[in-house]
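Asker: Sequence and predicted structure below; questions after.
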Amino acid sequence: MMQASIKQFFQRNLFVRKQSKSHSCGSVVRSLCLARGRVRACASHHKPTAFASHHKPAASASQHKPTACASQHKLAAAGRRLLFRVGGASAMLGVGIGLVVSTATTTQAEAKGKSNAKPSGEPADDKPQMAYRMLGNTGLQVSVLSYGFWATFGVKEDIKGDSGVLMAKKCLLAAREGGVNLFDNAEAYGNGRAERIMGEAIRQLRDENPSLWRRSDIMLTTKIFWGGDGVNERGLSRKHITEGIDAALERLQTPYVDLVFCHRPDPLTPTETVVRAMTDAVRCGKATAWGTSEWSAQQITEAVWIARQYGLEPPQFEQPQYHMFWRERFESEYFPLFQAPYNYGTTTWSPLASGLLTGKYNDKVPHGSRLSQPQYSWLSKRLNEREGERKN
């Protein structure tokens, strides 16, 4: 029943707007980077088909031609290679491959790539070439693909402890050699074990290749909300924000993180309290900038204007869920945030819908996959609920 539900769910939902070409489940593995309202197809196993518009959410993809970024052919080849290398691990481990989306214009790295592009007619260079975006108003350039540790390391039995560190080193190295410079984590991932594995893996990789893993050229993240079972070990109180960040830095073996997220909004803590606590974290050097995850647009704007009123540090980026089946919040609700005076940046989680868009669940739930984990049974439940809604 479960297998049939998944297959029917795909048959019903896996489509791109009428004027775009449809693909089979396994073929739709893509990443989109949006810049100033134009859809840029960055990586696809087949022909890039844009299905989201930044400025006109309801417009079809055919109305927005993909814009070449850092030589479109080079970037597409780089994206495919990275997805095959990192995505190979993703298919096996369910490791998160994220998107970084910004409203910024072409960065210096992209401009350099364009100026070095070969004239038309000459064979394309197969060397991977990552594109980068400015992340909101942070001044940081981030790779359009990021690499995350959600629901894998520290969670699955075969990648905990030393075995997790060994596998993490392989995956991290493949991503880094492909140009990824943003590595995402959270205190809740594996109850802190994911951060510990990432910290140790990066430490060993830096010892082996100091130049590739120099701290000044990579970005690490953490997210604060679920730190433990105690009543004061979760939420966004000043106490938990302070203690949670300190604990994450110890696990990641770093003196600071580049990005720290409020993993969810906290209905029990005043927004001003959250803004002041995050301001202290940034100004004392524990984080470069702070942002939000799954906050509403109203909650984000409230935090921004509180910060501006009192001369505090505003949130500068959001990490929402965004993929082919989950588009409304990113494309509609957040639309004003991508414009002045906010210029909000985003990274996105679950761009492959927790592995559903890879096609790995078309026929069955593979052993060891994310959907087979007891703690992620809600993914299976969601599919069954939607199948029940369709039948009713």
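Answerer: It's in. Residues are numbered from 1 along each chain as shown.

Asker: following the helix or strand residue 261 falls within, which helix or strand shows up next?
Answerer: The secondary structure element spanning residue 261 is strand 257-262 (assigned by DSSP states H and E). Moving toward the C-terminus from strand 257-262, the first helix or strand encountered (DSSP H and E) is helix 271-283.

Asker: what number of residues lie near the closest residue to residue 228 other than its chain neighbours?
Answerer: Distance criterion CB to CB, 6 or more residues apart in numbering; nearest residue to residue 228, sequence neighbours excluded, is residue 234 at 6.8 Å. (Glycine included, C-beta is placed from N, CA and C.) Residue neighbour count, defined by other CB atoms under 10 Å, stands at 20 for residue 234.

Asker: Identify the residues contacting residue 234.
Answerer: 225, 226, 227, 228, 240 (CB atoms under 8 Å, 6 or more residues apart in numbering).

Asker: quick one: contacts for the second one?
Answerer: This means residue 226. Contacts of residue 226 were listed using CB under 8 Å, 6+ apart, and they are 187, 188, 234, 263.

Asker: Ok, the last one next?
Answerer: For residue 240, the contact set (CB under 8 Å, 6+ apart) comprises 224, 227, 232, 233, 234.

Asker: now with 10 Å?
Answerer: Contact criterion CB atoms under 10 Å, 6 or more residues apart in numbering gives 187, 224-228, 230, 232-234, 247, 266, 269, 277 as the residues in contact with residue 240.

Asker: how much space is there between it and residue 232?
Answerer: Taken as CB to CB, to the nearest Å, the spacing of residue 240 relative to residue 232 amounts to 6 Å.

Asker: Which one (most neighbours) among the contacts of residue 240?
Answerer: The most crowded member of the contacts of residue 240 is residue 224, carrying 32 neighbours; neighbours defined as other CB under 10 Å.

Asker: Where does the closest residue in space to that one that isn't next to it in sequence sit, in terms of helix or strand?
Answerer: Among residues not flanking residue 224 along the chain, residue 244 sits closest, at 4.3 Å (CB to CB, 6+ apart). Of the helices and strands defined by DSSP H and E, residue 244 is found in helix 238-252.

Asker: likewise residue 285?
Answerer: Using DSSP H and E, residue 285 is not contained in any helix or strand.

Asker: Same check on the one 3 residues further on?
Answerer: Here residue 288, judged by DSSP H and E, is contained in strand 287-292.

Asker: which SSE is the residue lying closest to residue 212 once chain neighbours are set aside in?
Answerer: Spatially, and ignoring its direct neighbours in sequence, residue 212 is nearest to residue 176 (6.1 Å; CB to CB, 6+ apart). In this structure, residue 176 is located in helix 161-177 according to DSSP H and E.

Asker: what mean pLDDT does that helix have?
Answerer: Confidence over helix 161-177, taken as the mean pLDDT, stands at 96.

Asker: tell me what it is packed against?
Answerer: Contacts defined by 3 or more CB pairs under 10 Å, 6 or more residues apart in numbering; DSSP states H and E place helix 161-177 against helix 72-93, strand 145-148, strand 182-184, helix 193-208.

Asker: Comparing those by mean pLDDT, which bottoms out?
Answerer: Per-segment confidence across the helices and strands packed on helix 161-177 bottoms out at helix 72-93, which has a mean of 36 in mean pLDDT.

Asker: ok, now which ones touch residue 173?
Answerer: Contacts of residue 173 were listed using CB under 10 Å, 6+ apart, and they are 85, 201, 205, 208, 209, 212, 213.

Asker: let's see 7 Å
Answerer: Residues in contact with residue 173, defined by CB atoms under 7 Å, 6 or more residues apart in numbering, are residue 205.

Asker: Roughly how far does it sit from residue 308?
Answerer: Using CB to CB, residue 173 is found at 42 Å from residue 308.

Asker: How about residue 337?
Answerer: When residue 337 is compared with residue 308 (using CB to CB), they lie 15 Å apart.

Asker: And those two? Which one has more around it.
Answerer: Between residue 337 and residue 308, residue 337 has the larger neighbour count (other CB under 10 Å), namely 19 against 11.

Asker: which residues touch that one?
Answerer: Contact analysis of residue 337 by CB under 7 Å, 6+ apart lists 297, 300, 344.

Asker: Tell me if I'm right that the last one and residue 335 touch.
Answerer: The one in question is residue 344. No. Here residue 344 lies out of contact with residue 335, judged by CB atoms under 7 Å, at a distance of 10.3 Å.

Asker: quick one, which of the two is more surrounded?
Answerer: Neighbour totals were compared for residue 344 and residue 335, and residue 344 leads with 25 against 16 (other CB under 10 Å).

Asker: Let me see the contact set for that one.
Answerer: Shown in contact with residue 344 (CB under 7 Å, 6+ apart): 136, 316, 317, 318, 337, 338.

Asker: Next, give phi and psi for residue 222.
Answerer: Geometry field for residue 222 lists phi and psi as phi -140, psi 170, criterion degrees, to the nearest 10.

Asker: Who's the closest spatial neighbour of it, skipping the chain neighbours?
Answerer: For residue 222, the spatially nearest residue (CB to CB, 6+ apart) is residue 248, at 4.1 Å.

Asker: repeat for residue 323
Answerer: residue 353 (4.5 Å).

Asker: Hmm, the one you found is touching residue 321, no?
Answerer: No. Counting by CB under 7 Å, residue 321 is not a contact partner of residue 353; they are 8.8 Å apart.

Asker: list the residues that contact both of these two?
Answerer: Overlap of the contact sets of residue 353 and residue 321 (by CB under 7 Å, 6+ apart) is empty.
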